[in-house]
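Trainee: My questions concern the predicted model and sequence given below.
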Amino acid sequence: MKSERQRDNDGFFEKVYEITLLIPYGRVTSYGAIARFLGSGQSARMVGWALNSSHTRPDFIPAHRVVNRNGLLTGKHHFGNSTTMQQLLENEGIIIEDNRIIDFPEKFWDPMKEL
DNA sequence: ATTCTGACAGCAA
DNA sequence: TTTGCTGCCAGAA
C-alpha cells in the first residue's frame, strides 16, 4: 500500500524524472517548461534540484536534454566531465557552440505542448 | 522548527 | 550588452 501510494505521491522529483525520460531523442527542453508542466510555474530551480538527485535514481535520466531557457548547458558541470553533456547532445544530432544549443527553438520539446 | 541551498527565470541598472 | 538582484518552491542540514 505504502509502496503503491509512494509511486504516485513521491512528488516533484518523480514527475521531473518522468518528463525528463519522456524527452524524445534529439530533443531538449528547459527547466522552466518542466516546472510549468508540473504546475509549479516558477519553480524551475526545483527541476534542477530534482535532476541533481537524478543520479541517485536506478535508471539513467537523460538530464543532458534539459537546459535553461537560453539553450545554455548550465548543468554540464554536473556530468562528471564538463564535456560529457555536450558530447551526449551532439551525439543526438544537436549542434552546440559555446555551451549553447544551436537552433534551440527548433530542438525544443515542450511537455505542455506535446503532452 | 528554522535556515540555507539550488543544474532557473525575469527584470532592473 | 552584460551583470546583478529578487522571486519562486521544495528538499536537506
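Mentor: Right, received. Where do you want to start?
Trainee: ok, what's across the strand from the residue nearest to the spatial centre of chain A?
Mentor: When C-alpha atoms, centre = their mean is applied to chain A, the residue found nearest the centroid is A:Val66 (3.1 Å). Taking DSSP bridges as the rule, A:Val66 bridges to A:Thr29.
Trainee: Report the contact partners of whichever residue of chain A sits closest to DNA strand B.
Mentor: Closest approach between chain A and DNA strand B, counting by C-beta to the nearest atom of the strand: A:Gly75, at 1.9 Å. For glycine as for every other residue, the C-beta is placed from the backbone atoms N, C-alpha and C. Counting by C-beta atoms under 8 Å, 6 or more residues apart in numbering, A:Gly75 touches A:48, A:51, A:63, A:66-67, A:85.
Trainee: near DNA strand B too, which of those?
Mentor: Filtering the contacts of A:Gly75 for proximity to DNA strand B by C-beta under 7 Å from any atom of the strand leaves A:48, A:51, A:63, A:66.
Trainee: Including distance to DNA strand C, could the residues you listed go into JSON lines?
Mentor: Shown next, in JSON lines, are those (distance: C-beta to the nearest atom of the strand, whole Å):
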{"residue": "A:Gly48", "distance to DNA strand C": "10"}
{"residue": "A:Leu51", "distance to DNA strand C": "12"}
{"residue": "A:Ala63", "distance to DNA strand C": "16"}
{"residue": "A:Val66", "distance to DNA strand C": "16"}
